[in-house]
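Undergrad: What shape does this take:
(chains A and B)
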Amino acid sequence: GEDVEQSLFLSVREGDSSVINCTYTDSSSTYLYWYKQEPGAGLQLLTYIFSNMDMKQDQRLTVLLNKKDKHLSLRIADTQTGDSAIYFCAERPTGNQFYFGTGTSLTVIP
Amino acid sequence: EPEVTQTPSHQVTQMGQEVILRCVPISNHLYFYWYRQILGQKVEFLVSFYNNEISEKSEIFDDQFSVERPDGSNFTLKIRSTKLEDSAMYFCASMGGSSYEQYFGPGTRLTVT
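TA: The predicted structure is shown next:
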């Protein structure tokens, strides 16, 4: 089946940029997503990108997609303590099934 | 802002018992999903539901599981005879008909003892 991989942990200092990386396996994925999960909460949709795009920017968030390498990244500019959470990458091949990564736990150090 | 709700937030049950997890998707959405997340592991797809029937399901979604949309608002996941390994966080999600955005509920933590 589809496999979505992420590194488990990332620590950054407040004010720095964070880059969370993800690799996926299904080259037919039409949409790729980033979700944020705060402690005890559900998954909050942050942003998504269509597979025909290379980049999408939304305020402090920048998503980069390298289809050749099947690599997706999420850059958070000016990272704040409120950004501390687990970030999940997800791919959506054809159909309506979503495949999630293991999540990257982002810790922002004041 | 519309949101997906789930009840209960935490359910404790004994092995072998039946549980029903409840979800109220966003009202004009057409696609409904259940996922589970075992502690420390990835979010795993269980099942998707569209037009009053299952559209896709994973290998996890065996005969012990069933889903139902009993009325116009609720979407339920039933586990017939719970096992210890069913202990997990269960998330419901919904998506609009012409949307790419899937919205998640806060989850139900199921503990099987």
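
Undergrad: Low-confidence stretches in chain B?
TA: Low-confidence regions of chain B, defined by pLDDT under 70, are absent; no residue qualifies.

Undergrad: number of nearby residues for residue 51?
TA: All of this refers to chain A. Other residues near A:S51 come to 15 when the count uses other CB atoms under 10 Å in any protein chain shown. Backbone N, C-alpha and C define where each C-beta goes, glycine included.

Undergrad: let's do chain B instead
TA: Number of residues near B:N51 (other CB under 10 Å) recorded here: 8.

Undergrad: Need the nearest residue in space to it, chain neighbours excluded.
TA: What sits nearest to B:N51 in space, not counting adjacent residues and going by CB to CB, 6 or more residues apart in numbering or on different chains, is B:L30, at 7.6 Å.

Undergrad: list the contacts for the one you found?
TA: With contacts taken as CB atoms under 8 Å, 6 or more residues apart in numbering or on different chains, B:L30 has the following neighbours: B:50-51, B:95-97.

Undergrad: Please flag which of those sit within strands.
TA: Per DSSP state E, strands hold the following members of the contacts of B:L30: B:50, B:95.

Undergrad: is the spatially most central residue of chain B in a bridge, and if so with what?
TA: The centroid of chain B falls nearest to B:W34 when counting by CA atoms, centre = their mean (3.2 Å). According to DSSP bridges, the partner residues bridging B:W34 are B:V47, B:C92.

Undergrad: Might one say that it is in contact with B:L46?
TA: Yes - checked against CB atoms under 8 Å, the pair B:W34 and B:L46 is within contact range at 4.3 Å.

Undergrad: shared neighbours of those two, anything?
TA: Any residue near both B:W34 and B:L46 by CB under 8 Å, 6+ apart counts here, and that gives B:L77.

Undergrad: What residues does chain A have near chain B?
TA: A:4, A:31, A:33, A:35, A:40-45, A:48, A:50, A:88, A:90, A:92, A:95-103 (CB under 8 Å from any CB of the partner chain).

Undergrad: mind listing the strands for chain B?
TA: All strands of chain B, identified by DSSP E, fall at B:5-7, B:10-13, B:19-24, B:31-37, B:43-50, B:53-57, B:65-68, B:75-79, B:88-95, B:102-104, B:108-112.
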